[in-house]
Structure formats: C-alpha cells, structure tokens
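> next comes the sequence, and after it the predicted model I'd like to discuss.
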Amino acid sequence: MWQSYSNGLLVAIGLIMAIGTQNAFVLAQSLRREHHLPVAALCILCDAILVAAGVFGLATLLAQSPTLLAIARWGGAAFLIWYGSQALLRAARPQSLQAAGSEPRSLRAVLLAALAVTLLNPHVYLDTVLLIGSLGAQQPEPGAYAAGAASASLLWFSALALGAAWLAPWLARPLTWRLIDLGVAAMMFTVAAQLILGAL
C-alpha cells in the first residue's frame, strides 16, 4: 500500500512542480493575496477528481485487456523518461517564476480564471487522467496511489498559497528551479525504472 502511495506522490509532485500556467496563476494570486486560498482549494479539488477518474476508469479497462496494460506500462515508462529528460534540459537553462501585477478582481472572476487555466489546458488531462491514471491503474493498490497523487497536489498548492510571500525570493532564483528540475528528473526516472522492471 505504501509503495503505491509513494509512487502516486512522487509522480504527481514531479509533474505539478514544473513551471506552468497553473502554478504561475496560483503563485501570482498568492503573492497578491487575492483569493489565493479558494484558488488553491479549487486546483486541489480539480486534480483529485481528474486523478480519480483516470485511475479508476482506466483500472477497469486495463484489467480487461493485457494488451492495453502493456501499452500503458511501456507508454507510461517512455513518457516518464521523456519528461525526466525535459526536466534535465530545463535544469541546464533554468528560469525564474515571476508574478505580474493586475487590478483586484472578484472571487467569482478569479475562480473562473482558475478553472480556465486548469481545465482548458490539455496538459492537465495528459498529466492527470492519462499519465497518472494509467500508472495508477497498474499499481497493486490503485486507491492508495490516487491518494498519494492527491496528497501531492494538496501539499504543493497549499505551499504556494500559504508560503508564496516567503517563497518568492527563492522562486525568483534560477538556481531554485534548477534544483527542483533535477529532483523532478530523479523522481521520473525512478518510477519509470519500477515500471520497466515490473514488466520484465
């Protein structure tokens, strides 16, 4: 159970920590203290729902088809290796994450913008439903894996929302993102190796 949980935690944290539109949006709202807690809660909820849909929906399909299971296993491993390689390339030329200022907005406007950033981004579905879901469907305990992935989202977005002012000086440094990307690459390669060894 703990292996499945830790796999979900590592894969999800590796995927969501990369600089992206959702992280930039949450961080910007947090630095401005503009509805940052509801925004973080919405991102956590969306991630949990999408991960659960991927894990439990795909689990049923994969259990019925050994061919699909093999495709998911090797495809997932290939994607993790590719993603880890991208993280290594980002580490070679790191960037900082800055928040731009803007006029104050209503809670409704901010939450709608957060939904758009989250749900209109195709990478969200690739990451949560397809990648995290297909990997979770192959775990001995898919529920523990989904809980691990949801925990990663909870930890990361809570850290951005609650610690943005404290984190801002570090997040503005390229070295910080170099270290984050190196950690992401290590996590991706580790889980990919587990998938490959499990298929042999």
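Happy to help now that I have it.
> quick one: the helices in the chain?
Defined through DSSP state H, the helices belonging to the chain, from first to last, are 2-16, 21-32, 36-64, 66-92, 107-119, 122-124, 133-137, 142-171, 174-199.
> where does the prediction get shaky in this structure?
Under the criterion of pLDDT under 70, the regions of the chain flagged as low confidence span 18-21, 58-59, 62-63, 94-103, 121-123, 165, 168, 171-172, 199.
> can you say which of the helices of the chain is packed in most?
Across the helices of the chain, the average number of neighbours (mean count of other C-beta atoms under 10 Å) peaks for helix 133-137, which reaches a mean of 27. C-beta: built from backbone N, CA, C; applies to glycine.
> just the CA trace of it, in CSV.
Written as CSV, here are the backbone C-alpha positions of helix 133-137 (Å, rounded to 0.1, in the frame of the first residue of the first chain):
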residue,chain,number,x,y,z
GLY,A,133,-4.3,7.5,-14.3
SER,A,134,-2.7,4.8,-16.4
LEU,A,135,0.2,4.4,-14.0
GLY,A,136,-2.2,4.2,-11.1
ALA,A,137,-4.3,1.6,-12.7
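> check which helices and strands that helix sits against.
Counting by 3 or more C-beta pairs under 8 Å, 6 or more residues apart in numbering; DSSP states H and E, the packing neighbours recorded for helix 133-137 are helix 2-16, helix 36-64, helix 66-92, helix 142-171.
> what's the closest of those helices to residue 119?
helix 36-64 (6.8 Å; C-beta to C-beta).
> centre of the chain to the closest one, how far?
On the basis of C-alpha atoms, centre = their mean, to the nearest Å, helix 36-64 sits 11 Å off its chain's mean C-alpha point.
> ok, stretch 141-160 next?
The chain centroid and the centroid of stretch 141-160 are separated by 9 Å under C-alpha atoms, centre = their mean.
> related to what we said a few turns ago, could I get the helices and strands packed on helix 133-137 as TSV with distance to residue 127?
As requested, these are arranged in TSV below (distance: least, C-beta to C-beta, whole Å):
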stretch	distance to residue 127
helix 2-16	5
helix 36-64	9
helix 66-92	9
helix 142-171	10
